[in-house]
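# got a sequence here, can you model it:
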Amino acid sequence: MKTRFYTLLAIFVFAASGLIAQSMWQNQQIIKKKELNSVFFLDSFNGWIAGDHGKIYQTKDGGKTWIAQKSGIHQEIKDIHFNSPLCGWAVGKNGRLISTNDGGLTWNVHKRVTPNDLNSIFFVNDCYGWIAGDEGIILSTIDGGSSWSFQKSTCIFNLNKIKFQDGNIGWAVGESGSVLSTYDGGQTWSDISVPIYEELNDLSFIDENNGFVVGNYGLILSTNSSGDKWRYCPSNSKKNLCSVYFADLQHGWVADDFSIMSTNNYGKSWDVQASNKDFNDFHFIDQDNAWAVCEDGSVYKYTAYSPEE
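Numbering: from 1, shown residues only. This next block holds a predicted model:
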């Protein structure tokens, strides 16, 4: 009886491990060994990646094949964002701002409004968008990018990432532990007190109150009070964390310049899912599908299969 029990247990463990093994990051290909800085997907098929020397690539088959697009610039692209399969934007070094209305078949180079590096761009719909850059610069548009206006950010440090929950509630993070928040679309920005001075590189808010920020030297902080109070989350990493995404309060992912880690307990502990790569960015369309890009031009895809599949 015991022999039969242990045999069934071994079969169960083996089957379970097979299911878990399918929930992993897989290296799709290397894009001509070009440094890739940003990735954005609209759905499981349509996505774009961007990086050094103005390089942009598009996929229509979930990353199986990538087609180069002519961006019209040669500066490093730091962030790319699409509102729809046709309408997209990218920002980069020396104030570069480009856009497309045809999915990237052609890219329009916009007149520079600042010589400062632009590091992050985010749209909540076809009209409302924001850009964050060096020296605390925040730009906004309410007409789909036809015009951009400076917003007073009260920050003098470089801002690395900006994200909005809707047309009113948004956050930005950057150097020296900078965290900013707005509740009126950026007409006013407030400094949020954070108990650190490390550079912050990304943020993920689940709702108005609950969010996470990540930064250099493995730093992860969480808040459940819109930033009034913060809690350290042990990452077991000393690397610079570049990306964070939480699908809900329990399930989240972070990436650094060596690995991608996941948690299922509110960031109390982390498990390595992929390693030995210098990751620069990842993008989740949901908690089961994501893509990541690396320093050496590698593109990784994550797919989580349910036990029924």
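
# break down the stretch 201-309 of the chain into its strands, ranges please.
Listed from the start of the chain, the stretch 201-309 of the chain has strands (DSSP state E, counting those that start in this stretch) covering 211-215, 220-223, 231-232, 241-246, 252-256, 259-263, 271-275, 279-286, 289-294, 298-303.

# out of those, which gets nearest to residue 65?
The stretch from those with the least distance to residue 65 (CB to CB) is strand 298-303; that distance is 11.0 Å. From N, CA and C alone the C-beta is placed, and that goes for glycine too.

# then the closest one to PDB, C-alphas only?
Output in PDB follows, covering the C-alpha atoms of strand 298-303 (Å, rounded to 0.1, in the frame of the first residue of the first chain):
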ATOM      1  CA  SER A 298      17.400  39.200 -26.600                       C
ATOM      2  CA  VAL A 299      13.600  39.100 -26.500                       C
ATOM      3  CA  TYR A 300      11.900  36.900 -23.900                       C
ATOM      4  CA  LYS A 301       8.300  35.700 -23.800                       C
ATOM      5  CA  TYR A 302       6.400  34.600 -20.700                       C
ATOM      6  CA  THR A 303       3.300  32.500 -20.900                       C
END
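
# what's it in contact with?
22-31, 36, 39, 49, 62-63, 66, 260, 273-274, 277, 279, 282, 284, 288-294 (CB atoms under 8 Å, 6 or more residues apart in numbering).

# repeat that for stretch 208-216.
Outside stretch 208-216, the residues that reach it (CB under 8 Å, 6+ apart) are 165, 169, 171, 173, 177, 179, 194, 196, 198-205, 219-227, 233, 240-244, 246, 249, 252, 254, 267.

# distance between the ends of it?
The first and final residues of stretch 208-216 sit 24 Å from each other (CA to CA, to the nearest Å).

# average pLDDT for that stretch?
Mean pLDDT, taken over the full extent of stretch 208-216, equals 97.

# and if you look at stretch 134-147?
pLDDT averaged over stretch 134-147 equals 97, rounded to a whole number.

# any stretches of this protein with poor pLDDT?
When residues are selected by pLDDT under 70, those of the chain lie in 1-23, 305-309.

# the same query, at a cut-off of 90, please.
1-24, 28-34, 154, 195, 236, 304-309 (pLDDT under 90).

# residue 270: what's it in contact with?
If you count contacts by CB under 8 Å, 6+ apart, residue 270 has them with 234-237, 254, 261-263.

# by neighbours, which of those wins?
Ranked by neighbour count (other CB atoms under 10 Å), these have residue 254 at the top, with 29 neighbours.

# and the residue lying closest to residue 232 once chain neighbours are set aside, how many residues sit next to it?
In space, and not counting its chain neighbours, residue 232 is closest to residue 221: 6.3 Å by CB to CB, 6 or more residues apart in numbering. Look at residue 221: counted by other CB under 10 Å, it has 23 neighbours.

# what of residue 225?
Under the neighbour criterion other CB under 10 Å, residue 225 is assigned a count of 10.

# for it, give me its contacts.
Contacts of residue 225 by CB under 8 Å, 6+ apart are residue 209.

# now do the phi/psi pair for it.
Reported as degrees, to the nearest 10, the phi and psi values for residue 225 are phi -140, psi 40.

# tell me how far it lies from residue 47.
When CB to CB, to the nearest Å is applied, the distance between residue 225 and residue 47 equals 35 Å.

# first residue to last residue on stretch 207-226, what's the distance there?
9 Å.

# quick one: buried residues of it?
Neighbour counts over stretch 207-226 (16 or more other CB atoms under 10 Å) mark 210-216, 218-224, 226 as buried.
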